[in-house]
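Undergrad: Next come a sequence and a model predicted from it.
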Amino acid sequence: MDVMDAIKQRESVRSYKNTPVEDKKLQLLLEAARLAPSASNRQEWRFIVVKDKETRQKIEVAAANQGFVAEAPVVIAACAQTDNHIMMCGQPCYPIDVAIAIDHITLKAVEEGLGTCWIGAFDEKAVQAILRIPPEIRVVSLLTVGYPKTLHSKKTRKQLDEIIKYECWS
């Protein structure tokens, strides 16, 4: 599978089969994240892989309030151990760097026949408590991983001429 095929096939999966994710495949996803670029090569991302059903249920009920979270055989808490470095453009680097690493995971998951869903709607403090994450570590996102029950919903995306400008804004 080439990268463009993975990009076209990637979708947010919210319904998972009751099939465990093989450790070998999970390691490939995590390796994809490890190889992601980061600002000044800081590599601030940290990942907590949660397979335990009871813990996934706690995350679902106390933190995410989305039924498919516990259904997924794996939940990855994508975190940042950060010094809060601000890039020259004024943006903090850690959320961008973690996002790039997560995107690497999502694309590798497609290649491995897995589905993912990127979750930004969650209670960070609740996740920190459940997973015993120290307060100085930021939880940037949750990512569910597993074998999808259904695949290939039609994506709706704006046309290129609606989102691209050349040389300047106007």
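TA: It's in.
Undergrad: Surely A77 touches I137?
TA: No: using C-beta atoms under 8 Å, A77 makes no contact with I137, being 9.6 Å away. (Each C-beta comes from the backbone N, C-alpha and C, glycine too.)
Undergrad: and the two? which has more neighbours close in?
TA: A77 (25 against 18; other C-beta atoms under 10 Å).
Undergrad: In which helix or strand does that one reside?
TA: If you go by DSSP states H and E, A77 is part of strand 74-80.
Undergrad: helices or strands next to that strand in the packing?
TA: strand 45-50, helix 93-111, strand 138-146 (3 or more C-beta pairs under 8 Å, 6 or more residues apart in numbering; DSSP states H and E).
Undergrad: The first one packs against which elements?
TA: Read that as strand 45-50. helix 23-34, strand 74-80, helix 93-111.
Undergrad: The second one - what's its average pLDDT?
TA: It refers to strand 74-80. Averaged over strand 74-80, pLDDT sits at 98.
Undergrad: what does that strand contact?
TA: 21, 26, 44-51, 56, 59, 69, 94-95, 97-98, 101-102, 105, 127, 131, 133, 137-146 (C-beta atoms under 8 Å, 6 or more residues apart in numbering).
Undergrad: Please name the strands paired to that strand in the sheet, noting orientation.
TA: Paired with strand 74-80 in the same sheet, following DSSP bridges, are strand 45-50 (antiparallel), strand 138-146 (antiparallel).
Undergrad: how about that strand: buried residues?
TA: V74, V75, I76, A77, A78, C79, A80 (16 or more other C-beta atoms under 10 Å).
Undergrad: how about those in TSV, adding distance to R10?
TA: Listed next are the buried residues of strand 74-80 as TSV, based on distance: C-beta to C-beta, whole Å:
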residue	distance to R10
V74	17
V75	18
I76	16
A77	20
A78	16
C79	22
A80	23
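Undergrad: just curious, which of the residues you listed is nearest to Q159?
TA: Q159 lies nearest to A78 out of the buried residues of strand 74-80, by C-beta to C-beta, at 30.9 Å.
Undergrad: Can you tell me the closest non-neighbouring residue to that closest one?
TA: Counting by C-beta to C-beta, 6 or more residues apart in numbering, the nearest residue to A78 once its immediate chain neighbours are dropped is S141, at 4.5 Å.
Undergrad: Was I right to think the one you found contacts T116?
TA: No: judged on C-beta under 8 Å, S141 makes no contact with T116 at a distance of 10.8 Å.
Undergrad: neighbour count winner among these two?
TA: Taking neighbours as other C-beta under 10 Å, S141 and T116 compare with T116 leading, 27 against 18.
Undergrad: Confirm that that one sits in a helix.
TA: No: when classified by DSSP: H, G, I helix; E, B strand; the rest coil, T116 is found to be strand rather than part of a helix.
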